[in-house]
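Engineer: structure of the sequence below:
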Amino acid sequence: MSKEALSPNDGAAAVGERFLVTPDGVAVAPLGGELVSLSAGALPGETLEQLLGRLCREARRRSLAPVAGNAFCDPALAASAGALDFPVSFLGRHDTPAGDVRGARLSALPAGLGERVNSAEGVPLGARWETGGAKYLLLGALTPENTAAAPDEQSAEMWETLGALLEANGFKDTDVLRTWFFNRRILDWYDGFNRVRTAYFNAHNIFGALVPASTGVGVSNAAGAALSLDVFAAAPLAGTGSDAFRAEAVVSPLQCPANDYKSAFSRAVEISTPDGRRLSVSGTASIAPEGATVHKDDLDAQIKLSLQVVAAILESRGMGWTDVARAILYFPKIEWMPHYETCRAALGLPHLPAVYAHADICRDDLLFEIELDAFKP
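Structural biologist: Sure thing, here's the model as predicted:
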């Protein structure tokens, strides 16, 4: 099976209204707030360093500076990625084949906008910036220091670390709009992870404000930690009008709130700014309106239902598939990945700026998950 057959962007020179695919296969799209997404699947025989280099070259060509990224690959390849001045999480399921490279995505800003965020030791953590009456913070590849602790303890440490980083950069816990949790062997401790997250949300009044959109999947990371975290936060600048920035949770027309089955995240969050609306859709899988898994053991049916659920969320906000700026397609088995293109075509959907990821889903009977961001000026 060639990687060439696994690119959701095959043949897509300029297939969406909001994104384009460059001649060398990089999907580029705006995310609002001056942030730009660049994503690409690995070409046949392409190394991780070459893949990231291809993305970085395209960013430079557009006078953009990458500020955070994800590489879906054998995490042991992290040492081969070369020197990077922005955080990248290297993510693969616990049994991702040695040397495997699936794809990568970067988030970038216009060169010179904002400032880098580093740890006390000088490790790149992301960036903060201001534009259009709002302030933004994007952090990537955060991991707990005590990687020998139990997973629940590492998760609790991660939340406390995040709280400190938010405060140090002028943000509150309630300004977090999107999280990505990449949990090693998630099926072994997802209940514990949810208990820790819910406790933190209760302690910091998140449920009384806006519950972030989120993805939680099972992948290992290069640090050997129980989890790795990416975070996006935003808030209006003091003194700006109410129309300069607005964030709100979005319900799913076809699924119940995730909190109904004790998983604390919003199905989607929409951010409105003067330059447009960004819709961040959480990890979405084959789940019935009441919360049960649907179409057990039927991969194609699960993919199709997941896409239909996302389509309903997009439509509820006056958007469609051509507004999608980036997406990640999560599969527990690499050999299942070609099924996505078959199902997409069967539903008559356009190509998406998507990359594949080898990952466990948060239930052992879920066979596929999709997350995405859409943007509409």
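
Engineer: then the strand or helix carrying residue 315 to CSV, C-alphas only?
Structural biologist: Assessed by DSSP states H and E, residue 315 sits inside helix 299-316. The C-alpha trace of helix 299-316 is given here as CSV (Å, rounded to 0.1, in the frame of the first residue of the first chain):
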residue,chain,number,x,y,z
LEU,A,299,-15.8,0.7,9.6
ASP,A,300,-17.4,2.3,6.6
ALA,A,301,-20.7,3.0,8.4
GLN,A,302,-18.8,4.6,11.2
ILE,A,303,-16.8,6.9,8.8
LYS,A,304,-20.0,7.9,7.0
LEU,A,305,-21.9,8.7,10.2
SER,A,306,-19.0,10.7,11.6
LEU,A,307,-18.9,12.8,8.4
GLN,A,308,-22.7,13.3,8.5
VAL,A,309,-22.4,14.5,12.1
VAL,A,310,-19.7,17.0,11.1
ALA,A,311,-21.7,18.1,8.1
ALA,A,312,-24.7,18.9,10.3
ILE,A,313,-22.5,21.0,12.7
LEU,A,314,-21.1,22.9,9.7
GLU,A,315,-24.5,23.5,8.2
SER,A,316,-25.8,24.7,11.6
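
Engineer: elements contacting it?
Structural biologist: The contact analysis (3 or more CB pairs under 8 Å, 6 or more residues apart in numbering; DSSP states H and E) places helix 299-316 against strand 276-284, helix 338-346, strand 369-376. Backbone N, C-alpha and C define where each C-beta goes, glycine included.

Engineer: okay, the angle between the next helix or strand after the second one and helix 338-346?
Structural biologist: What that stands for is helix 338-346. Where DSSP H and E defines the elements, the next helix or strand beyond helix 338-346 is strand 354-358. Here the directions of strand 354-358 and helix 338-346 differ by 150 degrees (axes from the mean of the first three to the mean of the last three CA atoms, to 10 degrees).

Engineer: who are the packing partners of strand 354-358?
Structural biologist: strand 35-41, strand 64-73, strand 101-110, strand 324-331.

Engineer: quick revisit: any chance of the helices and strands packed on helix 299-316 in JSON lines, plus mean neighbour count and distance to residue 230?
Structural biologist: Shown next, in JSON lines, are these (neighbours: other CB atoms under 10 Å; distance: least, CB to CB, whole Å):
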{"stretch": "strand 276-284", "mean neighbour count": "24", "distance to residue 230": "12"}
{"stretch": "helix 338-346", "mean neighbour count": "16", "distance to residue 230": "23"}
{"stretch": "strand 369-376", "mean neighbour count": "25", "distance to residue 230": "11"}
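
Engineer: possible to save the ones you listed as TSV with distance to residue 76 and mean pLDDT?
Structural biologist: Below are these laid out as TSV (distance: least, CB to CB, whole Å; pLDDT from 0 to 100):
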stretch	distance to residue 76	mean pLDDT
strand 276-284	25	97
helix 338-346	25	97
strand 369-376	24	97
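
Engineer: which of those sits closest to residue 206?
Structural biologist: strand 276-284 (14.9 Å; CB to CB).

Engineer: note down every partner strand of that closest one and its orientation.
Structural biologist: According to DSSP bridges, strand 276-284 forms sheet pairs with strand 268-273 (antiparallel), strand 369-376 (antiparallel).

Engineer: CA atoms only: put stretch 90-100 into PDB for me.
Structural biologist: Extracted in PDB, the C-alpha atoms of stretch 90-100 (Å, rounded to 0.1, in the frame of the first residue of the first chain):
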ATOM      1  CA  PHE A  90       5.700  13.700  17.300                       C
ATOM      2  CA  LEU A  91       2.800  11.300  17.700                       C
ATOM      3  CA  GLY A  92       2.000   7.700  16.800                       C
ATOM      4  CA  ARG A  93       0.000   4.800  18.300                       C
ATOM      5  CA  HIS A  94       1.900   2.600  20.700                       C
ATOM      6  CA  ASP A  95       2.500   0.100  17.800                       C
ATOM      7  CA  THR A  96       3.100   2.600  14.900                       C
ATOM      8  CA  PRO A  97       5.700   0.800  12.700                       C
ATOM      9  CA  ALA A  98       9.300   1.900  13.200                       C
ATOM     10  CA  GLY A  99      10.200   4.700  10.700                       C
ATOM     11  CA  ASP A 100       6.600   5.300   9.700                       C
END
